[in-house]
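Asker: got a predicted model here, sequence first, then my questions.
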Amino acid sequence: MDLTLSEGQFNLVYNSFSFVIASMGAALLFFLLARTRVAPQHRMAVTLSTLVVAIALYHYVRIFGSWEDAFSYAGGEYTQDGKPFNEGYRYVDWLLTVPLLLAELVVVLKLTQSKTRSLIVRLTIAAVAMIVLGYPGEILDADDSMRTVWGVLSTIPFLYILYVLFAELGKSLERQSDGVKKLVDALRYIILATWGIYPIAYMLPSLIDDEANAEVARQVMYSIGDVLAKPLFGILVLGIALAKSREDGYIEPGTTPSATSADA
Ligand code: RET
């Protein structure tokens, strides 16, 4: 049977997607404008944030369009009788952005070249496995038991990512300054809290009996997760890059050096 949403339910998802598009667009401009405030040796992290929000901006424009095309409005209700809503955009988006987000965190730490490479390779493989194993389950019906099987399989690489971030990265943090250590530590907990939203959203169709409510809650949760995991995360990484730039004595072009050095 076709899924039917009330006007309020349909609009909640519609407006969430619209909010994500505005957030990604604003974040894209912000990261582009903030670039020169960061010392050249720390700019790679900002470049990666910029790419992440640009990729997400594109996908959310497509997701938004797909949501509009999937429903028709009649008698005060929205019925899903149009083209199928394409959940694939979200997973293709993650396939590109999750490895970039993880690389961003590693790159901003400026570890040795071999450590950086090893972390990025392993985290990328785990991220791709997590997403590729999640998708077949995501498109199944709520009552299909294979949905849980794919979810569990996808959780294995997810746990590996958390292990690398908390156990392995912890050792590398010892060589960072106190200020940077605090920021990176906060960032890891933010990853845990925001990335934890995704498996919960995935489970909603199995947890909530009402199909319409489950669909609306899932789409809204994924949208919130994406704003926290991309623009907010990018702003925090920018904070680390700025702190490191200051530690390296970088002065933004066009700004006056502090009064004491100008007087000297
Ligand atoms: C899936 C399937 C069910 C099990 C798990 C999942 C985890 C998804 C995650 C996605 C993170 C996405 C991010 C996007 C932001 O750009 C695939 C839902 C564990 C953690 C951070």
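Answerer: Cool, the structure landed.

Asker: from now on I want contacts and neighbour counts done on CA atoms only, so please keep to that.
Answerer: Will do.

Asker: show me the shaky parts of the stretch 151-264 of the chain.
Answerer: Where the stretch 151-264 of the chain drops to pLDDT under 70, the residues are 257-264.

Asker: hang on, I meant the stretch 1-150 of the chain
Answerer: Scanning the stretch 1-150 of the chain for pLDDT under 70 picks out the ranges 1.

Asker: near the ligand, which residues of the protein?
Answerer: Contacts of the chain with the ligand, taken as CA under 6 Å from any ligand atom, map to 94, 97-98, 130-131, 134, 151, 154-155, 158, 195, 198-199, 202, 226, 229-230.

Asker: same thing but at 5 Å, please
Answerer: Taking CA under 5 Å from any ligand atom as the measure of proximity, the chain contacts the ligand at 131, 134, 151, 154, 155, 195, 198, 199, 226, 229.

Asker: what would the residues you listed look like in CSV with secondary structure and neighbour count?
Answerer: Formatted as CSV, those follow (DSSP: H, G, I helix; E, B strand; the rest coil; neighbours: other CA atoms under 10 Å):
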residue, secondary structure, neighbour count
131, helix, 20
134, helix, 23
151, helix, 21
154, helix, 23
155, helix, 18
195, helix, 18
198, helix, 17
199, helix, 16
226, helix, 24
229, helix, 20
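
Asker: and the two most separated of these?
Answerer: In the residues of the chain next to the ligand, the most distant members under the criterion CA to CA are 151 and 229, with 20.1 Å between them.

Asker: now residue 141. Its backbone dihedrals?
Answerer: The main-chain torsion angles of residue 141 are listed as degrees, to the nearest 10 and equal phi -70, psi 160.

Asker: that one and the ligand, how far apart?
Answerer: Separation of residue 141 from the ligand (CA to the nearest ligand atom, to the nearest Å) stands at 14 Å.

Asker: ok, that residue to residue 166 distance?
Answerer: 34 Å (CA to CA, to the nearest Å).

Asker: compare the two (neighbour count), which wins?
Answerer: Between residue 141 and residue 166, counted using other CA atoms under 10 Å, residue 166 has the larger neighbour count: 15 against 12.

Asker: burial of the closest residue in space to that one that isn't next to it in sequence, as a residue count?
Answerer: Taking CA to CA, 6 or more residues apart in numbering, and ignoring the residues beside it in sequence, residue 166 has residue 188 as its nearest neighbour in space, at 7.4 Å. The burial metric for residue 188, expressed as a neighbour count using other CA under 10 Å, is 17.

Asker: now do residue 150
Answerer: Neighbour count of residue 150, defined by other CA under 10 Å: 19.

Asker: surely it touches residue 134?
Answerer: Yes - in this structure, residue 150 sits in contact with residue 134. The criterion is CA atoms under 8 Å, and the distance is 5.8 Å.

Asker: ok now stretch 195-210, how far from the chain's centre?
Answerer: Here the centre of mass of C-alpha atoms in stretch 195-210, compared against the chain's by CA atoms, centre = their mean, to the nearest Å, lies 17 Å away.

Asker: and residue 89, what does it touch?
Answerer: Neighbouring residues of residue 89 by CA atoms under 8 Å, 6 or more residues apart in numbering: 59, 62, 63.

Asker: mind telling me what element the second one is part of?
Answerer: Element membership of residue 62 [criterion: DSSP states H and E] is helix 43-70.

Asker: by contact count, what packs against that helix?
Answerer: helix 7-34, helix 88-108, helix 233-247 (3 or more CA pairs under 8 Å, 6 or more residues apart in numbering; DSSP states H and E).
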